[in-house]
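In: Here's a sequence, model it:
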Amino acid sequence: VKVLNDAGQVLMLLDEVVFRSVRPEQIQMAIAAQGTVEDDTKMYEVEWVSPEGAAAEGQDAEKPWLVLGEDAAVLKELAAHLGEAHTYEVASDATLDDLPQYSRIVSASGLSARTPVVDVLCRT
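Out: Got it, this is the predicted structure:
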């Protein structure tokens, strides 16, 4: 997985990431095991800050998304649910030259034809 800035420069690269489904009770157990929110043993904290001059929420609503995946069948099913206004590409074949034209870049690389795409879309 590559995370790119608006200029197309690589900000972060993830390799060998494994996704698996979890049950709600597993999530609750993990949260309980972490301790309190003020736990001093945490290594880092993420705080999202909007960059200055960022477009107001909804301004880019009309711009298309770039949806990347490895399974053509999954991309076809996503297109059926999300609409043809977006661009769907196999990630390994994508050129990524024209990123500023997209309002969102979505990675569907962790999905396979066995994953019900509707379930994934409903949970996001």
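In: From the opening residue of stretch 91-108 to its closing one, how far?
Out: The straight-line separation of the ends of stretch 91-108 (CA to CA, to the nearest Å) is 9 Å.
In: And that stretch, how far out from the chain middle?
Out: For stretch 91-108, the distance from its own C-alpha centre to the chain's C-alpha centre is 11 Å (CA atoms, centre = their mean, to the nearest Å).
In: Other residues contacting it?
Out: Under the criterion CB atoms under 8 Å, 6 or more residues apart in numbering, residues 1-2, 4, 6, 8, 60-71, 74-75, 78, 87, 109 lie in contact with stretch 91-108. All C-beta atoms are positioned from the backbone trio N, CA, C, and that covers glycine.
In: Just the buried positions in it, please.
Out: By neighbour count on 16 or more other CB atoms under 10 Å, the buried set for stretch 91-108 is 91, 102, 105, 106, 107, 108.
In: Leaving out the residues flanking it, which one is nearest to the last one?
Out: In this case it means residue 108. residue 69 (3.7 Å; CB to CB, 6 or more residues apart in numbering).
In: and the gap between that neighbour and residue 111?
Out: 6 Å (CB to CB, to the nearest Å).
In: and these two? which has more neighbours close in?
Out: Of the pair residue 69 and residue 111, residue 69 is the one with more neighbours under other CB atoms under 10 Å, namely 24 against 20.
In: what sits against the more buried one?
Out: 75, 78, 88, 89, 90, 91, 107, 108, 109, 111.
In: just those now: which is nearest residue 34?
Out: Nearest to residue 34 among the contacts of residue 69 is residue 107, at 26.2 Å by CB to CB.
In: which residues touch residue 1?
Out: Counted by CB under 8 Å, 6+ apart, residue 1 has contacts 13, 14, 17, 107, 109.
In: number of nearby residues for the third one?
Out: For residue 17, the number of neighbouring residues by other CB under 10 Å comes to 9.
In: Alpha carbons only: can I get stretch 13-29 in PDB?
Out: Coordinates of the C-alpha atoms in stretch 13-29 are reproduced here as PDB (Å, rounded to 0.1, in the frame of the first residue of the first chain):
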ATOM      1  CA  LEU A  13       4.800   2.400   2.100                       C
ATOM      2  CA  LEU A  14       3.200  -0.600   3.700                       C
ATOM      3  CA  ASP A  15       4.300  -4.100   2.700                       C
ATOM      4  CA  GLU A  16       3.100  -7.600   3.700                       C
ATOM      5  CA  VAL A  17       0.000  -6.300   5.500                       C
ATOM      6  CA  VAL A  18      -2.600  -9.000   6.400                       C
ATOM      7  CA  PHE A  19      -6.200  -8.200   6.900                       C
ATOM      8  CA  ARG A  20      -8.600 -10.600   8.600                       C
ATOM      9  CA  SER A  21     -12.100 -10.200   9.900                       C
ATOM     10  CA  VAL A  22     -12.700  -9.900  13.700                       C
ATOM     11  CA  ARG A  23     -15.800 -10.300  15.800                       C
ATOM     12  CA  PRO A  24     -17.000  -7.300  17.900                       C
ATOM     13  CA  GLU A  25     -16.200  -9.200  21.200                       C
ATOM     14  CA  GLN A  26     -12.500  -9.500  20.000                       C
ATOM     15  CA  ILE A  27     -12.400  -5.700  19.600                       C
ATOM     16  CA  GLN A  28     -13.900  -5.100  23.000                       C
ATOM     17  CA  MET A  29     -11.400  -7.500  24.600                       C
END
